[in-house]
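Trainee: take a look and give me a structure for this.
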Amino acid sequence: MPSNEENWAKYEESIEKFIQVIAKNMNLYGITSSVGRLYGALYFAGRPMTLDDMRDALEMSKTSMSTGVRALAEMKMVEPAYKKGMRKDLYKSEEDWYKSFTALFGNKWEKTTQSNLEEAEETIEELHQLKEETDDPELRQRIEQDIDRLLYACDYYTWLLQFLHVVESGEIFKYVPKPPKR
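Mentor: Numbers count the residues shown, from 1 in each chain. Okay, the predicted model is just below:
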C-alpha cells in the first residue's frame, strides 16, 4: 500500500495535470497558459491566496502574478477576498465557471463584433459614395452586389450582438440550462 506521502504526490500530480488542461483551454479565449495556470492554482487552492502564495505555488515573478491577477479580474474570473487582520491583498477564483464563461465569451466577442459592424457600415457608406461618383456600369453593378453582401454581414453582426447579450445576461440558461450539481 502506498504511503501517505506517495498518495499526496499522486494527488498533486493529478491536480497539476488538470491545471495544465485548464491552461491549454484558456488559449481558446486569448488567455496565456501562464495566466490559465494561475487561475487553476487559485481554483484548486481552496482558499484565497496572496501574490506571494501564488508566486511560490507557480514559481513565477510577483510582477507576473500581479499582471495575471489583474487580467483574470478584468475577465471576472478572480475577485478580491478579505480576511480579518490580513494586510496583504487576497484573491480567490470565481467558482462559477458558467458565470466566468459567459463574461469572458461575451466580453471577447462583443468588442470584435461591434468593431466589425462599424467597419461594415463605414464600407457601405464609402461604396454608396463611390457608386454616385462613377459612371462605369460594371463597377456600379459590382458595388451593388458588395453592398448587399455587407448588409448581410451587418445583419449577422447585429444578430451576434443579440446572441452575446443573451449569453452575457445569463438568459442563455433558459434555453440551455446548467446541469444539476453533482
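Trainee: how many neighbours does E79 have?
Mentor: When neighbours are counted by other C-beta atoms under 10 Å, E79 registers 14. (C-beta placed from N, C-alpha, C; glycine too.)
Trainee: what about it, helix or strand, and which?
Mentor: Secondary structure from DSSP states H and E places E79 in strand 78-81.
Trainee: just K131 next, same as before
Mentor: Using DSSP H and E, K131 falls in helix 97-133.
Trainee: likewise D135?
Mentor: Using DSSP H and E, no helix or strand contains D135.
Trainee: phi first, then psi, for it.
Mentor: phi -110, psi 10 (degrees, to the nearest 10).
Trainee: and the pLDDT for E94?
Mentor: In the prediction, the pLDDT value recorded for E94 is 88.
Trainee: so how far is G106 from it?
Mentor: 14 Å (C-beta to C-beta, to the nearest Å).
Trainee: next: L38.
Mentor: Counting by C-beta to C-beta, the gap from L38 to G106 is 22 Å.
Trainee: give me every residue that touches the residue most central in space within the chain.
Mentor: By C-alpha atoms, centre = their mean, the chain has its centre lying nearest to L104, at 3.1 Å. By C-beta atoms under 8 Å, 6 or more residues apart in numbering, L104 lies in contact with 29, 75-77.
Trainee: which one of those residues is nearest A153?
Mentor: Y29 (23.8 Å; C-beta to C-beta).
Trainee: ok, the closest one touching G106?
Mentor: No. Using C-beta atoms under 8 Å, Y29 is not in contact with G106, being 11.1 Å away.
Trainee: let me see the domain layout of this protein.
Mentor: 4-95, 98-175 (automatic domain parsing).
Trainee: hang on, the earlier thing: and L38 and G106? Which one has more around it.
Mentor: A count of neighbours by other C-beta under 10 Å puts L38 above the other of L38 and G106, at 32 against 20.
Trainee: now the helix or strand harbouring the more buried one: buried residues?
Mentor: Using DSSP H and E, L38 sits within helix 33-45. Neighbour-count burial for helix 33-45 flags 35-43 (criterion: 16 or more other C-beta atoms under 10 Å).
Trainee: same question, stretch 105-125
Mentor: Result for stretch 105-125 [16+ other C-beta under 10 Å]: buried residues 105-106, 108-110, 113, 117, 120, 123-124.
Trainee: confirm M86 sits in a helix?
Mentor: No. Assessed by DSSP: H, G, I helix; E, B strand; the rest coil, M86 does not belong to a helix; its assignment is coil.
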